[in-house]
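**Q** here's my sequence, what's the structure:
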Amino acid sequence: MKLWIKGIYFSVLGIVFSGCANLFFNPNLDLSLSTLPSVQVLPDVSSVAFEWKRVNDSNIDGFVVYRKEGKGEFERIAIIRNPLATHFYDRGLKPESVYQYSFAILGKNNRISQRSKILKVKTSFIQPVDTLFASSDEPRLVKLVWSVHANPSIKKYVIEKKIKNQWSEIAEVKDRLNVEYYDRNLLDGTTYEYRIAGVSFEGDKSRYSEVAKATTKFPPPLLENITASQNIPKLIILKWDDSKINDLAGYVIYASQKEEGRFEKIAETLKPYYEFRTDKNGMKWFFKVVAVDKDGIQGSLNQIPVCGTSLIPPNPPMIKGASVHEGEAIIGWEKPSERVMEVNVYRKEGAFGTPLKFKLPASATRFVDKEMKVGVDYVYWVEFVDVNQIPSSPSQEFKLKRE
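**A** Model prediction:
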């Protein structure tokens, strides 16, 4: 008895491996039920329609549909509890993808027949837009124009731009006949890539168009030979070579008191020349100058600044000596540079007296005070003045007294 049972077991197992997999795994399998006859297939972009001849059998309650996607396993996706049914519609599929289907007949008491032969189906696609053009006739803007999609089922278009080497959707354009889009606020002198796809009323996306490229307008080139003066009283004169761009609108000057500080816009000019006035002499400033075209695009501020200085005051006097001799104060200093036009010597009585100024020619190298009072403290210092009447810093002070 055990041997018979064992023989039967292996006989059934043989059927399993001969193609009736449902018998081994499906306890509801009924081999007495006939399989579904040939099935006709009509694939669409994201759906598939099936049709078969009516099964005239009073022992069936309907049909069971199985589907396999890619390398996955077959899964039951539908039970059609209508023995008169002759059609099935599967939706929500991926375009241009391969699916496998198999059908079984559903008998009484949920008994299931063997599966039909496997049907391999590939979903179709919507053709791409014929042409896509990209142009950049205006600054910082790309205009996209494409041909109207030939398929009347197209509801809208999606536009993608390559950002950091990846395609990203940037916009939707509704209506099949609307075939224009503007991408704004772009970088100057930059190439952008675009592609578009149509989307049907059912949400199916067409194939992508060919890639279209456009390059935004380049900024004006860096200016050459920018110079800044260093020898004019309370003034710095900037000069540079005139820009050679055809659509020049002018120049913009930026300034900062630190070489690596924040540069602020201080002026605009139409000529390759600008006068920058300072509050004091000896003030150092850093400048950047850029050309501007008729579209308002400025040249790059990514440049090495030029340094300018209003005229530095003369060097202060170098005192050689200060003393009282025979009741007279004698103060001496080294000969100044040729830039100095006069020498001023200051004297005041005590800490709070009113200073008196004594003017001497630039050739003088000493001062003698013959009017000292006995027992009075006097304070002296010296300064140089140049041809522009710019005074130097004062020398150190000297306190002298006639005993």
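**Q** Asp247 contacts Val292, correct?
**A** No. Using Cβ atoms under 8 Å, Asp247 is not in contact with Val292, being 9.7 Å away. Just so you know, the C-beta spots here come from the backbone N, C-alpha and C atoms, and that holds for glycine as well.
**Q** neighbour count winner among the two?
**A** Neighbour comparison, Asp247 and Val292: the larger count goes to Val292, with 20 against 11 (by other Cβ atoms under 10 Å).
**Q** OK, contacts around Ile236?
**A** 228-230, 275-278, 285, 287, 308-310 (Cβ atoms under 8 Å, 6 or more residues apart in numbering).
**Q** is the residue nearest the centre of the chain in a helix, a strand, or coil?
**A** Nearest to the mean C-alpha position of the chain, counting by Cα atoms, centre = their mean, stands Leu187 at 7.7 Å. On the three-state scheme (DSSP: H, G, I helix; E, B strand; the rest coil), Leu187 is labelled coil.
**Q** how many neighbours does the closest residue to Asn231 other than its chain neighbours have?
**A** Distances taken as Cβ to Cβ, 6 or more residues apart in numbering put Leu311 closest to Asn231, at 5.5 Å, once the chain neighbours are dropped. By other Cβ under 10 Å, the residues close to Leu311 number 21.
**Q** could you verify my assumption that Leu311 touches Asn281?
**A** Yes. Using Cβ under 8 Å, Leu311 is in contact with Asn281, at 5.2 Å.
**Q** and for these two, which residues touch both?
**A** Common contacts of Leu311 and Asn281 (Cβ under 8 Å, 6+ apart): 233-234, 390.
**Q** what about the helices in this protein?
**A** For the chain, applying DSSP state H gives helices covering 2-17, 21-25.
**Q** least reliable of these going by mean pLDDT?
**A** If you rank the helices of the chain by mean pLDDT, helix 2-17 sits at the bottom with a mean of 28.
**Q** distance to Pro219, pLDDT and neighbour count for the contacts of Ile236 - can I get that in CSV?
**A** Formatted as CSV, the contacts of Ile236 follow (distance: Cβ to Cβ, whole Å; pLDDT from 0 to 100; neighbours: other Cβ atoms under 10 Å):
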residue, distance to Pro219, pLDDT, neighbour count
Ala228, 23, 96, 22
Ser229, 28, 96, 16
Gln230, 30, 93, 15
Glu275, 26, 96, 12
Phe276, 24, 97, 20
Arg277, 29, 95, 11
Thr278, 30, 93, 18
Trp285, 24, 97, 20
Phe287, 19, 97, 22
Gly308, 24, 96, 23
Thr309, 30, 96, 17
Ser310, 31, 94, 24
